[in-house]
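K.L.:
Structure, please.
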Amino acid sequence: MKNRAARIAIAIIFLAGFVFYTYRQEGIHYHSADVEYYGEAGGLKPEGYSSDGTIDDTAAPEDAEPTPEATPEPTADPNSPEAKAAALGLPAPPDIDVNSWEFMLVNGDNSIDQYEPEQLAYLNQTASETDIQTSYNANRCPVDERIAQPLLDMALGCKEAGLPVFLSSGYRSYSEQAQNFTRVCNNNGVSDGKDSNGHYITMPAGCSEHQSGLACDITDVYREIKNSEIENTDTYKWLLEHCAEYGFIVRYPEGKEDYYVKACYPGHFRYVGVEAAEYIMENDLCFEEFLNLYPEKKLHVTFGPEA
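P.N.:
Presented below is the predicted three-dimensional model:
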């Protein structure tokens, strides 16, 4: 009897072991109500367990919040005015529309062809009332009417400082500049209007700033030849210090000839607006250098000695 009971007990233990082994092989495990099929035998796997029945540490709980993606830092545009200025060690340039009328670029590489200002103002008429000298030729000192008042204000400021002012040459038409080009070339024995350094001493028709109406030659007295002697006059020194306050720049400063490709001429002042003028003059730039900071400026060429 005892032997039979022992055999039954052994059989039960063997059966229990077999069942347990079968469950392990089939991969059937119970873990709450959330189960999914896995393995070759199609067994059931509770969530959070791997296929071999062990706990899967990599499984994320359903209620875990996803890790937010880091917002990438905005990349600075290397061609922006700010980036181009910084690369040159300059402060950020003003936020302006460089394709506006006051930033018209005129030089040997950027012709304005037969351009004419829409409306001219004749400073010889206005200036005579304030005892400011203008060109001996009444037709030689008109300017674009949009710059007439700031130009007159600058001349009056200089006059009030006790200095003589002579508004020499403003707007010239295409045909007038063509005649001037021929005359200067003949006087200097050249045919292309350039000196031995390849810089223009007079601009071809269509390439002169005078044709834009946005510039004026200003000296202390009438001068047949406008050269570097102008820089030694008190009038020029005053204009150099104060021109930006009225929106004007020295258009052809010394040392920048390879940018504007013209012989240095200190008596030529160009209107660009106060904000741009102050930036240009404070940072010792020429007009081409300033405009080259703005990729949206429609230029015919890239300027500079390394261009």
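K.L.:
Now Ala277: which helix or strand?
P.N.:
helix 274-282 (DSSP states H and E).
K.L.:
What are the contacting residues of that helix?
P.N.:
Applying CB atoms under 8 Å, 6 or more residues apart in numbering, the external contacts of helix 274-282 come out as 91, 93-94, 96, 102-103, 243-250, 272, 285-287, 290. All C-beta atoms are positioned from the backbone trio N, CA, C, and that covers glycine.
K.L.:
List buried members of those by neighbour count.
P.N.:
93-94, 96, 102-103, 243-244, 246-250, 272, 285-287, 290 (16 or more other CB atoms under 10 Å).
K.L.:
Show me these that map onto strands.
P.N.:
Those of the buried ones among the contacts of helix 274-282 mapping onto strands are 248-250, per DSSP state E.
K.L.:
Take those residues and write them to JSON lines, including pLDDT and distance to Leu167.
P.N.:
Formatted as JSON lines, those follow (pLDDT from 0 to 100; distance: CB to CB, whole Å):
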{"residue": "Phe248", "pLDDT": "98", "distance to Leu167": "12"}
{"residue": "Ile249", "pLDDT": "98", "distance to Leu167": "17"}
{"residue": "Val250", "pLDDT": "97", "distance to Leu167": "16"}
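K.L.:
Tell me where the stretch 101-250 of the chain has helices.
P.N.:
With helices called from DSSP state H, counting those that start in this stretch, the stretch 101-250 of the chain shows them at 123-128, 145-160, 174-188, 234-242.
K.L.:
so which of the ones you listed is the most packed in?
P.N.:
Greatest average neighbour count among the helices of the stretch 101-250 of the chain goes to helix 145-160 (a mean of 19), per mean count of other CB atoms under 10 Å.
K.L.:
pLDDT on that one, on average?
P.N.:
Regarding helix 145-160, the rounded mean pLDDT is 95.
K.L.:
picking up where we left off before, make a markdown table out of the helices of the stretch 101-250 of the chain and add distance to Tyr222.
P.N.:
Shown next, in a markdown table, are the helices of the stretch 101-250 of the chain (distance: least, CB to CB, whole Å):
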| stretch | distance to Tyr222 |
| --- | --- |
| helix 123-128 | 13 |
| helix 145-160 | 15 |
| helix 174-188 | 17 |
| helix 234-242 | 12 |
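K.L.:
before we move on, back to that, with the ones in strands among the buried ones among the contacts of helix 274-282 in mind, which one is nearest to Pro66?
P.N.:
Of all these, Ile249 has the smallest distance to Pro66: 57.3 Å, by CB to CB.
K.L.:
in the sheet, who's paired with the closest one?
P.N.:
Note on Ile249: beta-bridge partners Arg270, judged by DSSP bridges.
K.L.:
Likewise for Tyr200?
P.N.:
According to DSSP bridges, beta-bridge pairing links Tyr200 with Lys194, Lys262.
K.L.:
Repeat that for Leu167.
P.N.:
Counting by DSSP bridges, Leu167 is bridged to Thr134, Ile218.
K.L.:
Give the burial count for it, as a bare number.
P.N.:
24 (other CB atoms under 10 Å).
K.L.:
any idea how far it is from Leu88?
P.N.:
34 Å (CB to CB, to the nearest Å).
K.L.:
got it, and Glu82?
P.N.:
Distance from Glu82 to Leu88, by CB to CB: 11 Å.
K.L.:
Between the two, tell me which one has more neighbours.
P.N.:
Glu82 (15 against 11).
K.L.:
Provide a list of residues in contact with the residue lying closest to the more buried one once chain neighbours are set aside.
P.N.:
Leaving aside its chain neighbours, Glu82 sits nearest to Ala92 (4.7 Å; criterion: CB to CB, 6 or more residues apart in numbering). Residues counted as contacts of Ala92 (CB under 8 Å, 6+ apart) are 81-82, 85-86.
K.L.:
Helix or strand, whichever it is, which one in this protein has the lowest mean pLDDT?
P.N.:
Least confident helix or strand of the chain, by mean pLDDT, DSSP states H and E, is strand 35-38 with a mean of 44.
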